[in-house]
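Participant: sequence plus predicted model, see below.
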Amino acid sequence: MSSGFASLAGTLRAQAEVLAELVVLAQAENEALVSLDHEALRAAIAGQEERLARLARLDDERGSTAESVLCERGMRGSPGLLELCEALPPEEAAEGRALHAELCTLAGHLAERNRQNDVLLRQALHHAQHSIALLTGIARQEERSDTYGPTAHGGRRAGTSVLDRRA
């Protein structure tokens, strides 16, 4: 195995590990959203931010390592991992394809978790907006109220409604 591909494979394994951690954190976020556990939600989001920063660093590393593997093979351009595997010896190509499949599977799991969390967040936002609209509507009704608002009784003196007189 060439040292360039060994380095690339190590970077791809590290990316797979980070993606697996992101899947676990997305599940934790999902559970926190369902249970309304704000502390767990903050912890999951903080963990996701850390992993995303690490994933970005690994992606830069993968790009430069892939470039060195391309140079070793006398290739130019920026082929994807599967195209690169076609130019590798059979053993390295098999490992590269396996890593590609693992990365795709993990990315799919993460995308599904993110979709589920998006639905939960949208539902929570809709509920909050509906509650605010109801409360705002009640406040506006009270402001316009003929009995208790600032324009009570159409300019008449407060306390002169039938209900106020009987009490």
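Facilitator: On my side now, so go ahead. Everything numeric in this text was worked out from a predicted model, so none of it was measured.
Participant: so what's the residue most central in space within the chain closest to, chain neighbours aside?
Facilitator: By Cα atoms, centre = their mean, the chain has its centre lying nearest to Asn114, at 5.2 Å. With Cβ to Cβ, 6 or more residues apart in numbering as the criterion, Asn114 has its nearest non-adjacent residue at 6.1 Å, and that residue is Ala26. The way it works is simple: take the backbone N, C-alpha and C, and place the C-beta from them, glycine included.
Participant: coming back round to it: what packs against the helix or strand where the residue nearest to the centre of the chain lies?
Facilitator: Using DSSP states H and E, Asn114 falls within helix 90-144. The contact analysis (3 or more Cβ pairs under 8 Å, 6 or more residues apart in numbering; DSSP states H and E) places helix 90-144 against helix 3-35, helix 81-86.
Participant: orientation of that helix relative to helix 3-35 in degrees?
Facilitator: 30 degrees (axes from the mean of the first three to the mean of the last three Cα atoms, to 10 degrees).
Participant: mean confidence score for stretch 106-124?
Facilitator: On average, the pLDDT along stretch 106-124 is 94.
Participant: stretch 8-27 now?
Facilitator: 96.
Participant: contacts for it?
Facilitator: 1, 44, 47-48, 51-52, 54-55, 58-59, 61-62, 65-66, 69, 81, 92, 95-96, 99-100, 102-103, 106-107, 109-110, 113-114, 117 (Cβ atoms under 8 Å, 6 or more residues apart in numbering).
Participant: redo that, cut-off 6 Å
Facilitator: 44, 47-48, 51, 54-55, 58, 61-62, 65-66, 69, 95, 99, 102-103, 106, 109-110, 113 (Cβ atoms under 6 Å, 6 or more residues apart in numbering).
Participant: swap in stretch 63-78?
Facilitator: So stretch 63-78 is contacted by Ser2, Gly4, Phe5, Ser7, Leu8, Thr11, Ala87 (Cβ under 6 Å, 6+ apart).
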